[in-house]
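Visitor: Need coordinates for the following:
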Amino acid sequence: MVSQRDKELFRDDVRSRGKKLSAADRENLLRPYLPDPSDLPRRPPQRRKKASRRTPIRTFIKSQVHLLAYTVIHIIFGIISRVTLSYFAVVDRIFAIIYYHHRTPELIRKDVKSLKRLPEHLSVILSLRKEDDALAILMDEVAELATWSVSSGIPVLSVYEKTGVLKSCIPVLYQAIMTKLSSYYGSPAQQPALRLFAPHHPIYNQQQGVAPSNRHNASSLTILLLSATDGRETFVDLTKTLAEMSQSGKLSPEDITMELVDAEISEITTQPTQTTTSVSRGRTAMGPYHNGSPVKPEPDLLLVFGPFLKLDGYPPWHIRLTEMFCTGGRSSGITNCDEAVEYHGFLRGLWHYAGAQMRFGR
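Guide: Purely as a prediction, here's the structure:
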């Protein structure tokens with residue numbers, strides 16, 4: 001037991017932060033309570049308690065049972081996964097053979113004739129592959145999709161490619177699409193009208209000299225090219241523009257509403273560039289098309305050609321009420337990030353849209 005006097009001395013020294021007692025005084029204070037060093041070797045050394053060991057045979061058998069169960073589960077899952085992928089791959093190949101367009105618009109129209117509804121605005125997400133002729137492949141995919149869309153009776157097609165490489169070669173892309181249309185429809189007089197543009201770009205159309213009455217049919221197709229710059233950067237630019245107009249007195253702060261922002265975003269990203277920049281009350285004129293909007297702002301159906309749904313920076317205000325379909329979710333491996341644009345995938349997307357229930361939040 002420690003005496004009360006020694007306790008008080010020690011506590012006073014602690015309160016004074018070691019100023020009352022010297023190092024020698026503290027040693028003298030604690031020495032009576034410490035064991036004598038001469039008595040330490042006489043004490044028997046304390047043995048450490050050994051950890052209880054389980055039976056080696058029981059532990060080995062248990063680990064082998066776990067390993068066997070793990071192996072069996074993996075084998076069964078692998079077989080089921082391979083059989084499922086093989087089944088859907090065979091089914092897709094069969095559908096690809098049965099439903100093939102043979103570059104005939106009449107067959108495409110026959111394939112979609114029984115559908116309850118078709119999208120008025122179809123959007124697709126494509127990616128630029130890491131190949132030497134990646135740009136040529138991408139243009140050919142866009143041309144194929146354009147031909148399938150106009151043959152199905154879809155008037156508007158928007159193509160999203162993240163890097164925006166298609167915007168820099170609009171004339172070349174236009175010629176590629178016209179070449180593809182000629183392989184389906186024949187002479188230029190029988191080909192549908194084509195308009196191609198991108199946000200902040202004018203409409204590119206070389207068919208203005210051909211009268212619509214001279215065409216075999218009155219079908220037309222408008223193609224909109226989108227990229228990642230039409231997403232966040234567009235919203236930032238619109239915010240800066242509205243702020244500058246409000247500071248300069250051209251637009252009242254009370255007029256900046258959600259409806260105004262939504263309308264302006266739709267106009268910027270779905271309409272060609274115009275030279276007019278006049279401002280009316282509660283609205284900015286940032287390029288309306290002279291005959292109304294050439295593109296329905298929000299697509300009805302979004303096709304993703306890949307094994308999983310990846311928007312990859314697609315402008316979010318375009319797809320609030322859009323039905324989405326991934327063409328390769330069942331028959332493609334999860335490691336394959338790119339999938340070829342094929343007609344049966346396009347057709348399955350239209351089938352999915354025709355059978356979808358549009359609840360709109362109800």
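
Visitor: which regions of the stretch 51-200 of the chain sit below the pLDDT cut-off?
Guide: For the stretch 51-200 of the chain, the stretches with pLDDT under 70 are 51-54.

Visitor: mind redoing it with 90?
Guide: When residues are selected by pLDDT under 90, those of the stretch 51-200 of the chain lie in 51-60, 84-103, 127-133, 186-190, 197-200.

Visitor: Tell me where it has helices.
Guide: Using DSSP state H, counting those that start in this stretch, the helices of the stretch 51-200 of the chain run over 56-98, 105-112, 134-152, 170-185.

Visitor: Tell me which residues are up against the shortest one.
Guide: The one in question is helix 105-112. By C-beta atoms under 8 Å, 6 or more residues apart in numbering, the list of residues contacting helix 105-112 from outside reads 99-101, 118, 147-148, 151-153, 184-185, 347, 350. No exception for glycine: its C-beta is placed from N, CA and C like everyone else's.

Visitor: How far away from the center of its chain is stretch 55-68?
Guide: Distance of stretch 55-68 from the chain centroid (C-alpha atoms, centre = their mean, to the nearest Å) equals 46 Å.

Visitor: what's the answer for stretch 122-134, then?
Guide: Its chain's C-alpha centre and that of stretch 122-134 lie 14 Å apart, by C-alpha atoms, centre = their mean.

Visitor: re the thing from before, from the helices of the stretch 51-200 of the chain, which stretch is densest packed?
Guide: Ranked by mean neighbour count under mean count of other C-beta atoms under 10 Å, the helices of the stretch 51-200 of the chain are led by helix 134-152, which reaches a mean of 21.

Visitor: and it, what does it pack onto?
Guide: helix 105-112, strand 121-126, strand 156-161, helix 170-185, strand 220-226, helix 343-355 (3 or more C-beta pairs under 8 Å, 6 or more residues apart in numbering; DSSP states H and E).

Visitor: Could you say which one of these comes nearest to Gln247?
Guide: Gln247 sits nearest to strand 220-226 of all these, at 30.4 Å, using C-beta to C-beta.

Visitor: continuing past that closest one, what's the next helix or strand?
Guide: Proceeding C-terminally, strand 220-226 gives way to helix 232-247 as the next helix or strand, assigned by DSSP states H and E.

Visitor: Which strands and helices lie in contact with that next one?
Guide: On the basis of 3+ C-beta pairs under 8 Å, 6+ apart, helix 232-247 makes packing contacts with helix 258-270, strand 283-284.

Visitor: that older thread, any idea which of the helices of the stretch 51-200 of the chain gets closest to Glu264?
Guide: Closest approach to Glu264 among the helices of the stretch 51-200 of the chain (C-beta to C-beta): helix 170-185, 23.7 Å.

Visitor: Now do the closest one against strand 156-161, angle only.
Guide: 130 degrees (axes from the mean of the first three to the mean of the last three C-alpha atoms, to 10 degrees).

Visitor: Determine which of the helices and strands packed on helix 232-247 shows the lowest mean per-residue pLDDT.
Guide: Of all the helices and strands packed on helix 232-247, the minimum mean pLDDT falls on strand 283-284 (a mean of 35).

Visitor: C-terminal to that one, what's the next element?
Guide: Following strand 283-284 in sequence order, the next helix or strand is strand 301-304 (DSSP H and E).

Visitor: what comes into contact with the next helix or strand after that following strand?
Guide: Counting by DSSP H and E, the next helix or strand C-terminal to strand 301-304 is strand 323-326. By C-beta under 8 Å, 6+ apart, the surrounding residues in contact with strand 323-326 are 119, 300-304, 306-309, 348-349, 352-353, 356, 358.

Visitor: Could you report the separation of Ile75 from Phe88?
Guide: Counting by C-beta to C-beta, to the nearest Å, the gap from Ile75 to Phe88 is 21 Å.

Visitor: next one: Ser183
Guide: Relative to Phe88, and taking C-beta to C-beta, Ser183 is found at 31 Å.

Visitor: Setting aside sequence neighbours, what's the nearest residue to the residue nearest the centre of the chain?
Guide: The centre of the chain sits closest to Leu311, judged by C-alpha atoms, centre = their mean, with a distance of 1.9 Å. In space, not counting the residues next to it along the chain, Leu311 is nearest to Ile125; the distance is 7.0 Å by C-beta to C-beta, 6 or more residues apart in numbering.

Visitor: Any idea what the one you found is bridged to?
Guide: For Ile125, the beta-bridge partners are Tyr160, Val304 (DSSP bridges).

Visitor: contacting residues for it?
Guide: Applying C-beta under 8 Å, 6+ apart, the residues near Ile125 are Tyr160, Glu161, Leu302, Leu303, Val304, Phe305, Gly306, Lys310, Leu311, Asp312, Tyr314.
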